[in-house]
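Student: Here is my input; please provide its structure:
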Amino acid sequence: MAPMASMAHQAPSTHPVAFLARRAATALAAAVVLGAAAAPAFADPAPAAAPSPSTQKLPAGLYGTKDPQYDGVWRQSLALLAQHTVGVRPAASAVGWLVGQQCADGSYTGFRADPAKACDGKTMRDTNQTGAAVQALAALGGHGKTVTKAVEWLKSVQNDDGGWPSMPGSPSDANSTSVVIGALAAAGEKPESVTSKKGGKSPYDGLLTFRLGCDAKEEGRGAFTFQLKGAAPNADATAAAATGALGKGFVVAPADGAADAPVKPLVCKGGKEDGAGKGKQAGAAADRARAVDGGAAYLVAQLDKNGQHLMSAMPGAEKQPDVGNTAGAVVALAAGGHRSAAQRPLAWLEKNAAGWARQNGPAAYAQLVLAAHATGTDPRAFGGTDLVSALNATGPKPAAVSEKSGKDAKSDEGKGGGIGVVWVVAVGLAIGAGIGFLLSGRKNRGRNGL
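Tutor: Numbering: from 1, shown residues only. Below is the predicted model of the structure:
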């Protein structure tokens with residue numbers, strides 16, 4: 001980990017731990033993440049990282065070389081999911097490691113150095129890590145029991161408002177709720193049917209409570225806050241929510257041949273949202289559609305304002321381009337069918353994201369792969385970088401690699417695939433974050449208006 005004294009020169013949003021960190025809502029986690037974050041391509045180089053607090057050698061099947069204590073399951077899940085999406089069959093050891101990290105109750109935490117030791121009351125169970133694992137293992141196939149147990153645990157910790165926090169027992173937040181929506185969809189559940197035991201609220205009900213409407217300042221209308229209603233608009237939460245409100249997860253299939261959807265800002269008339277409660281516009285589905293449109297419009301406005309990238313805004317740190325959140329915005333825009341709008345920040349990523357990904361490892365590469373996939377872009381020729389090869393190099397050698405991009409690769413279902421892996425190439429699941437999207441940085445972002 002980098003020394004705490006150096007954090008003023010860091011951009012926490014770029015480190016895999018910070019990617020996971022922005023999904024949580026605890027001050028303790030935020031302190032850990034700020035101290036662990038690695039410097040982005042736009043900041044001064046960080047001091048050499050201190051040795052991992054664990055003297056134990058990292059597992060052979062784990063992706064990345066940095067301390068996995070807070071983001072091991074997250075980065076592993078994103079890596080496996082991104083590989084699968086572009087036609088790479090991960091190593092059996094990599095899949096087996098992820099399966100073996102599950103607690104007996106179905107939950108996941110960041111990292112269990114000794115999976116043989118049962119999870120107890122001190123284990124920091126995390127809905128984001130669990131939701132990420134569900135999306136990866138559901139895509140790979142052959143892990144039905146593991147996925148079912150994880151989904152049942154997620155249902156058991158749903159808040160009364162229909163949403164989820166990162167850590168059970170805390171207030172819901174937009175990002176965590178979006179991750180779980182993606183997990184439910186990946187597992188074959190209908191998110192709208194998963195309702196809270198008290199109040200009967202759905203995940204979409206919970207998600208839309210974080211949306212800023214006509215009662216907000218004009219420049220923030222349509223955006224989502226991280227957690228508190230009435231708080232400052234949060235670009236990261238908006239990207240996650242605009243994807244989650246569509247019932248999609250980390251993987252968004254490219255809309256080949258589909259019409260380019262126009263960006264529709266939220267329109268207010270007489271202090272009320274235009275179209276709300278009117279005829280065909282009425283109903284939960286219409287509310288979600290307007291929320292998605294408004295979120296996309298807010299993201300486009302922020303991207304246009306900053307030269308087609310989003311900006312970080314962490315306490316004590318200088319504002320700088322946020323590569324990970326920009327990739328998340330690309331996925332959100334692509335998910336909403338805004339092809340032209342997604343291409344502009346995508347072009348910025350192709351020019352600027354390579355160094356960031358090299359410094360931050362598997363989850364960073366995975367998020368860029370998924371952004372490329374969502375827009376129908378070849379991840380093997382991403383601004384001169386082969387993202388797929390770079391991602392593969394951060395973990396155990398894959399069992400098989402397709403030479404084609406994910407959308408062109410053919411299925412090899414039923415051939416090989418250790419630990420019951422069913423290889424179905426180009427699965428069109430549904431991403432909301434990689435490295436720009438995980439413990440408490442998002443909470444801090446909400447306080448700083450981004």
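
Student: and the helix or strand containing Ser176, what's its mean pLDDT?
Tutor: Assigned by DSSP states H and E, Ser176 falls within helix 174-186. Confidence over helix 174-186 (mean pLDDT, whole number) is 98.

Student: which is the next helix or strand following the strand or helix carrying Gln359?
Tutor: In this assignment (DSSP H and E), Gln359 forms part of helix 354-360. Going down the chain from helix 354-360, the next helix or strand is helix 362-374, by DSSP H and E.

Student: Could you point out the helix or strand that follows that following helix?
Tutor: Helix 362-374 is succeeded, C-terminally, by helix 387-392 (DSSP H and E).

Student: ok, and what's touching that next one?
Tutor: 79, 82-83, 86, 88, 357-358, 362, 365-366, 368-369, 372, 379-380, 398, 401 (CB atoms under 8 Å, 6 or more residues apart in numbering). Where you see a C-beta, it was placed from the backbone N, CA and C, and this is true even at glycine.

Student: Kindly report the same for stretch 335-345.
Tutor: Here stretch 335-345 has contacts from 242-243, 246, 248, 252, 255, 258-263, 292-293, 296, 300, 303, 308-309, 326, 329-330, 333-334, 374-375, 430, using CB under 8 Å, 6+ apart.

Student: Would you indicate which residues of it are buried?
Tutor: Buried residues in stretch 335-345, counted by 16 or more other CB atoms under 10 Å: 335-339, 341-345.

Student: Kindly report the same for stretch 356-365.
Tutor: 356-357, 359-365.

Student: Present those residues as CSV; the columns should include distance to Phe210 and pLDDT.
Tutor: Formatted as CSV, the buried residues of stretch 356-365 follow (distance: CB to CB, whole Å; pLDDT from 0 to 100):
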residue, distance to Phe210, pLDDT
Trp356, 28, 97
Ala357, 29, 98
Gln359, 31, 96
Asn360, 27, 96
Gly361, 30, 97
Pro362, 29, 98
Ala363, 24, 98
Ala364, 26, 98
Tyr365, 29, 98
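
Student: Can you tell me which of those is closest to Ala150?
Tutor: Ala363 (19.2 Å; CB to CB).

Student: From the buried residues of stretch 335-345, pick the one nearest Leu137.
Tutor: Ala335 (21.7 Å).

Student: Narrow the contacts of helix 387-392 to those that are buried.
Tutor: Buried residues within the contacts of helix 387-392, counting neighbours by 16+ other CB under 10 Å: 79, 82-83, 86, 88, 357, 362, 365-366, 368-369, 372, 379-380, 398.

Student: Now distance to Thr127 too, for the buried residues of stretch 356-365, in CSV please.
Tutor: Below are the buried residues of stretch 356-365 laid out as CSV (distance: CB to CB, whole Å):
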residue, distance to Thr127
Trp356, 27
Ala357, 26
Gln359, 28
Asn360, 23
Gly361, 23
Pro362, 21
Ala363, 17
Ala364, 22
Tyr365, 24
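
Student: Relative to Thr130, which of those is nearest.
Tutor: Of those, the one sitting nearest to Thr130 (CB to CB) turns out to be Ala363, at 16.1 Å.
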